[in-house]
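Asks: structural data only, the sequence is not supplied:
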């Protein structure tokens, strides 16, 4: 199974399934996954109050009924101690399994839907049991999706992301926007094609993090590189530190780059971040 962790939602996908869409934030967002044919999984969440559940779920079911689906069976279960309500619906051609619950830890309402011609209650139950709606451990959260793999503090959020064939990028910030993190991954075959150099790609991402008329001055190099960001002419003027770490990943074969910009007084926080990077499934 492939573990996905994004916007404080974790799910283990069956073999052969891929994320086809992601959007929103940790407050209101969506993940969509599917195999090559026959099924589609949608996970929705939004900031809510306990009193909104199960009324919001009922409205969701009513929308499905307006599309021609008929309720067949209801069920209930628990997930991480949360009460889960579910329904099986169908029309002439497709089956739909849905479930909803309120996550007290993150104050979010979740709705999960699995539909398609080849889906089953067994498959839905298996996926549902592998969803974690509050994957926060000791104040840290994993982010892992399409070559992106790192642990960040709970208050960090994703600001930009770009997922393409052979290239992935995500730009994170701390809640106070003082610490900036960019991680990007490039498939080895893209690098070897020499369509663009690794240095050019690095400079492209560096522009997100550094002001104009600045340069990097190397301070230290071990498992990661540490730089001062200084003014090009007045080198006594410093704009914080930048850490750079490179992970060479296998299965699949790609290179993962992590850049962290932080004030000098938050250097330890930046070091925690680069040490918490890891290779993941693409």
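Replies: Alright, I've got the coordinates. Small disclaimer: the values here were computed from a predicted structure and weren't measured.
Asks: residues contacting residue 271?
Replies: 224, 243 (Cβ atoms under 8 Å, 6 or more residues apart in numbering). (C-beta placed from N, C-alpha, C; glycine too.)
Asks: which of the residues in stretch 213-231 are buried?
Replies: Buried residues in stretch 213-231, counted by 16 or more other Cβ atoms under 10 Å: 214, 216, 224, 225, 226, 227, 228, 229, 230.
Asks: let me fix that, I meant to ask about stretch 12-28.
Replies: Applying 16+ other Cβ under 10 Å to stretch 12-28 flags 12, 13, 17, 19, 22, 26 as buried.
Asks: next, format those as CSV and append distance to residue 33 and pLDDT.
Replies: Output for the buried residues of stretch 12-28, formatted as CSV (distance: Cβ to Cβ, whole Å; pLDDT from 0 to 100):
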residue, distance to residue 33, pLDDT
12, 11, 98
13, 5, 97
17, 5, 96
19, 5, 97
22, 9, 97
26, 18, 97
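Asks: now, the most widely separated pair of those residues?
Replies: 17 and 26 (22.2 Å; Cβ to Cβ).
Asks: leaving out sequence neighbours, find the closest residue to residue 232.
Replies: Excluding the flanking residues, the one nearest residue 232 by Cβ to Cβ, 6 or more residues apart in numbering is residue 213, at 4.9 Å.
Asks: so that neighbour versus residue 24, what's the distance?
Replies: Applying Cβ to Cβ, to the nearest Å, the value for residue 213 to residue 24 is 36 Å.
Asks: about what we covered before: is it true that the residue nearest to residue 232 touches residue 229?
Replies: No - Residue 213 is beyond contact range of residue 229, at 11.0 Å (criterion: Cβ atoms under 8 Å).
Asks: in the stretch 151-282 of the chain, which spans are strands?
Replies: 157-164, 167-173, 180-187, 214-221, 225-231, 238-249, 254-262 (DSSP state E, counting those that start in this stretch).
Asks: next: the stretch 1-150 of the chain.
Replies: 2-6, 9-13, 18-24, 29-34, 40-47, 70-79, 82-90, 95-103, 108-116, 131-132, 136-137, 140-145, 148-153.
Asks: I'd like these written out as a markdown table, with distance to residue 196 added.
Replies: Below are the strands of the stretch 1-150 of the chain laid out as a markdown table (distance: least, Cβ to Cβ, whole Å):
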| stretch | distance to residue 196 |
| --- | --- |
| strand 2-6 | 27 |
| strand 9-13 | 31 |
| strand 18-24 | 25 |
| strand 29-34 | 30 |
| strand 40-47 | 34 |
| strand 70-79 | 45 |
| strand 82-90 | 46 |
| strand 95-103 | 42 |
| strand 108-116 | 39 |
| strand 131-132 | 37 |
| strand 136-137 | 37 |
| strand 140-145 | 23 |
| strand 148-153 | 20 |
